[in-house]
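> what shape does this take:
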Amino acid sequence: MSFPGLPAGTNSLITGGSIGAMGEDVTDTLLREMGRLDPCVAVVEAGEQDVDGLTDYSPEGHQARADLAARALRRIEALPAPSPLHEHLAERLRARIAFHDAGEDLRELHVAATGPLQLIRQCVESAVPGRDAGDAAYEDGWARVGARQAAIPASLDGYAASLLVAAERGHLPTRRQVDLVTQRCRTWIDEDTALVQRYGDGPQRASLQAAARDAREAYRRFATTLTADLAPLARDDEAFGPARYARWVRTFLGTEPDLRELYEWGWDEFTAIEADLVAEARALGGTVPEVLQRLDRPDAPGVLGSRDEFAAWLQELLEATTERMHGTHFDIPAPLRRIESRVTTSGGTAYIAPSRDLTRPGRVSWLLPDGQERFPTWWAYSTAYHEGVPGHHLHLGSEACRGGPGQRLNLLGGLSGAQEGWALYAEGLMDELGLYEQPGARLGHLFMQLLRAARVVLDIGLHLRLPMPSGSAPWTPQAALDLLRDRCHQGPYAPLEVARYLGRPGQALTYKVGERVWRDGRAAFPGDRRAFHNRALELGSLGLDQLASALPAYPASSAGNSSGSATQAE
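Next up, the predicted model:
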């Protein structure tokens, strides 16, 4: 049996042939029920749209999701002939159960994407109707914004209860994460007010104001729990250690890599990219610091004078890149030639995929901190390609266009390596095509490449307390901060990077490790570059072990056909 919407040649790779009514029922029931129990992930990661509530992050909510995982795993293990899809599901369920049994879900505290706090924010933001929405769709969208805002208090109160239960069990948060989350809660209090202002003076203004007021109070309560109850207990030791770190790595990558080999490979990548960066700066007429200073001058090419100018520049770049890539290097479905962007003062730069019914377009959310007066663009091209086309928008959006279970598999996690790896591959592809044409744009690309290599080294090195390449002393947060400031040139963003590694281990590996799998797959692929891209997009997101096996598995006769699934989806 084929999944609806999957192109010919893909079904055998994902399912290994017929899965039968029983197997299909297990899959559908699991994904449907997990979406019901985890609406934030269902909206942000799996493209659901008709959702009014938010995820229950209380101990009872976590237990309900773990119980569902255990029931589904028993059903899958009872199948007489489980397909590759079911083997993937079983691996994801075992990882999820192990994560829960160790208490990791109860104690998770950070402000990075994929955590409860950011998922709540993104779930609310994703309900904001598109710029081209008609009157009825506009009001329906804002009604959903209000419903999700109204659910923030229960979601945050449940989250606070989980953190307190974890603390009672001796699973204490770190001081760095408590302080950072407390600061961010105060920012989100102001953001809920700003969200209502975006709606204007329509008929729902009063109800939106009431929901925002309740949300602000909920963030204040959550911050009070952190400062009054958890901060006095917070610990300073931030390394997760081998056992905890392995659980988080498996959660994000869907595999159990050789971490020592990755650490050494990451450092080799770092030094090679750093040499390329120095050479690029020399070609621009100076050392790296000298060229940076020149590119950031108010009168330098590409420096914009306001947030509105940057927002307009970003939207134009996303649209122009989509038009430039379509029909030459990719076959982009018509629904994906529509992309939106929004500038925000908090929450980070991220991509939210289109809804499964394609009524909500893919969106790039871009962080521009308060207080910034001028906005250089030389560094932003690589990130725009990463989040937009040919990166996340093309990869994750293609799953929405195809239908089938692909996009909903994000409900179980483990696909970040394929997804972030593809987006990093996309950044490198634009360099390969010679499309970092603007002054300093290729330098900006190399900066981002250098940072991703540093993430591999620092994420593993900090949590496993490995010796730094320069000597026998182990990595410390201060040493990581020094590397990010002095050699990665991250400036004021360096402390946030360190906090990200220490609060959400494993995710930082997904970029370079995933890109490595995509590049190895392309090297082994028996067709041209465009054929590889179309076949890669047909595969969508898989765990890295499955992706490594599937990429070179297409027969040469299929690889020569570069029409792909994109044109079928138009």
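
> residues contacting residue 395?
Residue 395 sits next to 419, 422-423, 426, 537, 540-541 when contact means Cβ atoms under 8 Å, 6 or more residues apart in numbering. The way it works is simple: take the backbone N, C-alpha and C, and place the C-beta from them, glycine included.

> closest one of those to residue 92?
When the contacts of residue 395 are ranked by distance to residue 92 (Cβ to Cβ), residue 541 comes first, at 11.8 Å.

> that's a strand at that closest one, yeah?
No: looking at residue 541 with DSSP: H, G, I helix; E, B strand; the rest coil, it is coil, so not inside a strand.

> which stretches of the stretch 101-250 of the chain have low pLDDT?
Nowhere does the stretch 101-250 of the chain drop to pLDDT under 70.

> okay, helices next: where are they in it?
Using DSSP state H, counting those that start in this stretch, the helices found in the stretch 101-250 of the chain span residues 104-107, 116-126, 135-150, 152-168, 175-199, 205-224, 241-253.

> residue 257 in helix, strand or coil?
coil.

> of the contacts of residue 395, grab the buried ones for PyMOL.
Per 16 or more other Cβ atoms under 10 Å, the buried members of these correspond to this PyMOL selection:
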select buried, resi 419+422+423+426+537+540+541
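
> TSV for the helices of the stretch 101-250 of the chain, including mean neighbour count and distance to residue 322?
Shown next, in TSV, are those (neighbours: other Cβ atoms under 10 Å; distance: least, Cβ to Cβ, whole Å):
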stretch	mean neighbour count	distance to residue 322
helix 104-107	20	37
helix 116-126	24	20
helix 135-150	18	23
helix 152-168	20	34
helix 175-199	18	25
helix 205-224	18	32
helix 241-253	19	28
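
> select, out of the ones you listed, the one closest to residue 309.
Short answer: helix 175-199, nearest of the helices of the stretch 101-250 of the chain by Cβ to Cβ, at 19.1 Å.

> could you list every helix and strand in contact with that closest one?
helix 116-126, helix 135-150, helix 205-224, helix 494-503 (3 or more Cβ pairs under 8 Å, 6 or more residues apart in numbering; DSSP states H and E).

> ok so, going back, present the contacts of residue 395 as CSV; the columns should include distance to residue 275, secondary structure and pLDDT.
Listed next are these as CSV, based on distance: Cβ to Cβ, whole Å; DSSP: H, G, I helix; E, B strand; the rest coil; pLDDT from 0 to 100:
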residue, distance to residue 275, secondary structure, pLDDT
419, 29, helix, 94
422, 26, helix, 97
423, 24, helix, 97
426, 23, helix, 98
537, 33, helix, 90
540, 35, coil, 78
541, 33, coil, 80
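
> closest one to residue 519 out of the contacts of residue 395, please.
residue 422 (10.7 Å).

> quick one on the thing from earlier: of the helices of the stretch 101-250 of the chain, which approaches residue 339 most closely?
Among the helices of the stretch 101-250 of the chain, helix 116-126 sits nearest to residue 339 (Cβ to Cβ), with 14.1 Å.

> got the CA coordinates for the closest one in PDB?
Extracted in PDB, the C-alpha atoms of helix 116-126 (Å, rounded to 0.1, in the frame of the first residue of the first chain):
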ATOM      1  CA  PRO A 116       8.600  24.100  25.700                       C
ATOM      2  CA  LEU A 117       9.000  27.800  26.000                       C
ATOM      3  CA  GLN A 118       9.900  28.400  22.400                       C
ATOM      4  CA  LEU A 119       7.400  25.900  21.100                       C
ATOM      5  CA  ILE A 120       4.700  27.800  23.000                       C
ATOM      6  CA  ARG A 121       5.800  31.100  21.400                       C
ATOM      7  CA  GLN A 122       6.100  29.700  17.900                       C
ATOM      8  CA  CYS A 123       2.700  27.900  18.200                       C
ATOM      9  CA  VAL A 124       1.000  31.200  19.000                       C
ATOM     10  CA  GLU A 125       2.900  33.200  16.300                       C
ATOM     11  CA  SER A 126       2.200  30.600  13.600                       C
END
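
> that helix: how far from the chain's middle?
12 Å (Cα atoms, centre = their mean, to the nearest Å).

> what does stretch 332-344 give?
17 Å.

> circling back: for residue 364, which of the helices of the stretch 101-250 of the chain is the nearest?
With Cβ to Cβ as the measure, helix 116-126 is the member of the helices of the stretch 101-250 of the chain nearest residue 364 (11.9 Å).

> that closest one - contacts with which helices or strands?
helix 39-44, helix 135-150, helix 152-168, helix 175-199, strand 350-352, strand 362-367.

> next, the angle helix 152-168 makes with the longest one.
Orientation check (axes from the mean of the first three to the mean of the last three Cα atoms, to 10 degrees): helix 175-199 against helix 152-168 gives 180 degrees.

> of the helices of the stretch 101-250 of the chain, which is nearest residue 94?
Taking the helices of the stretch 101-250 of the chain one by one with Cβ to Cβ, helix 241-253 is closest: 9.1 Å.

> convert the closest one to CSV, retaining C-alpha atoms only.
The C-alpha trace of helix 241-253 is given here as CSV (Å, rounded to 0.1, in the frame of the first residue of the first chain):
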residue,chain,number,x,y,z
GLY,A,241,28.1,13.6,31.4
PRO,A,242,28.3,10.5,29.0
ALA,A,243,25.0,8.8,29.9
ARG,A,244,22.7,11.9,29.8
TYR,A,245,24.5,13.3,26.8
ALA,A,246,24.0,10.1,24.8
ARG,A,247,20.3,10.2,25.4
TRP,A,248,20.0,13.8,24.1
VAL,A,249,22.2,13.0,21.1
ARG,A,250,20.0,10.0,20.2
THR,A,251,16.9,12.2,20.6
PHE,A,252,18.1,14.7,18.0
LEU,A,253,20.1,12.6,15.6
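
> tell me what it is packed against?
helix 84-101, helix 104-107, helix 259-283, helix 416-432, helix 441-464, helix 510-524.

> just send these back as TSV, with distance to residue 153 too.
Below are those laid out as TSV (distance: least, Cβ to Cβ, whole Å):
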stretch	distance to residue 153
helix 84-101	25
helix 104-107	20
helix 259-283	40
helix 416-432	30
helix 441-464	34
helix 510-524	32
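
> right, so of those helices, which gets closest to residue 234?
Here helix 104-107 is closest among the helices and strands packed on helix 241-253 (Cβ to Cβ), at 11.9 Å.

> pLDDT score assigned to the nearest residue to residue 430 once chain neighbours are set aside?
Of all residues not flanking residue 430 in the chain, residue 385 sits nearest, at 5.0 Å (Cβ to Cβ, 6 or more residues apart in numbering). Residue 385 is assigned 98 on the pLDDT scale.

> which SS class is residue 385?
helix.
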